[in-house]
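# below: sequence and its predicted model.
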Amino acid sequence: MGTTRADVVSAALRILDERGLDGLTMRAVADRLGVRHNTVRWHAASKGRLLELASDELLAHCADEPLPEAWDERIRTLSHRLRDALLSRRDGARMITIACGPDPHSLRYAEAVVSTLVEAGFGGRTASWAHWTIFYLTLGITQEQQVARDSPAIITAAQVPADRYPALGATLAHVGPADFDQRFEFGLDLILDSLRARLSARPATD
């Protein structure tokens, strides 16, 4: 039996975990599978396409049922699943930031979010832009978290002198490597609170 696209994607994800995104190459996938370079190119014509396929596989189960009935809890669940999927692989958020194409799992996830918002009463523009706002929040904070695993960036009081940055200095204790989950939840709450307020204020038309 020959090498399949699923074999190529599976090998790519294993290499991603072992070597990180910079170590994920077409040659590394071919070597892992014990095949010629051209065999990998048959399924993924370029490294960019390989990363798109691997990114799509990360989202394979993010939109699976069951999901909550209430629109806001459904969005929360979908967002947490996305974040969990990105965290499940080394450099997962960075990979999707670089390469996320219109592939089946990615489209299914986006459809689940946007359709939930449209069915709740939001207009198309708000539904689409809210989806991307949450998606970018998730990508950004998760990528920061994954980078911090390898090289924690801790801001010290000496770097933020109180005489020059009094507000930052006073709040420095609230930003640290252990705060990623709380910061994600805070950002998601802000977005959902804003959407609830918009929905209750008037029927959505945009």
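Here it is on my side, so go on.

# next, Ala45: secondary structure please.
What DSSP: H, G, I helix; E, B strand; the rest coil gives for Ala45 is coil.

# and it, its phi and psi?
With angles defined as degrees, to the nearest 10, Ala45 sits at phi -70, psi -20.

# can you tell me how far it is from Glu52?
11 Å (C-beta to C-beta, to the nearest Å). (C-beta placed from N, C-alpha, C; glycine too.)

# same question, Gly124
Counting by C-beta to C-beta, the gap from Gly124 to Glu52 is 26 Å.

# if we can go back for a sec, if you count what's nearby, which of Ala45 and Glu52 comes out ahead?
More crowded of Ala45 and Glu52, by other C-beta atoms under 10 Å: Glu52, with 21 against 11.

# which non-adjacent residue is nearest that one?
Ranked by C-beta to C-beta, 6 or more residues apart in numbering and with sequence neighbours excluded, the top spatial neighbour of Glu52 is Gly101, at 4.0 Å.

# contacts only, for the one you found.
49, 52, 55-56 (C-beta atoms under 8 Å, 6 or more residues apart in numbering).

# can you pick the most crowded of these?
The residue in those with the most neighbours, by other C-beta under 10 Å, is Ser55 (26 neighbours).

# setting aside sequence neighbours, what's the nearest residue to that residue?
Nearest non-adjacent residue to Ser55, counting by C-beta to C-beta, 6+ apart: Ile96, 4.5 Å away.
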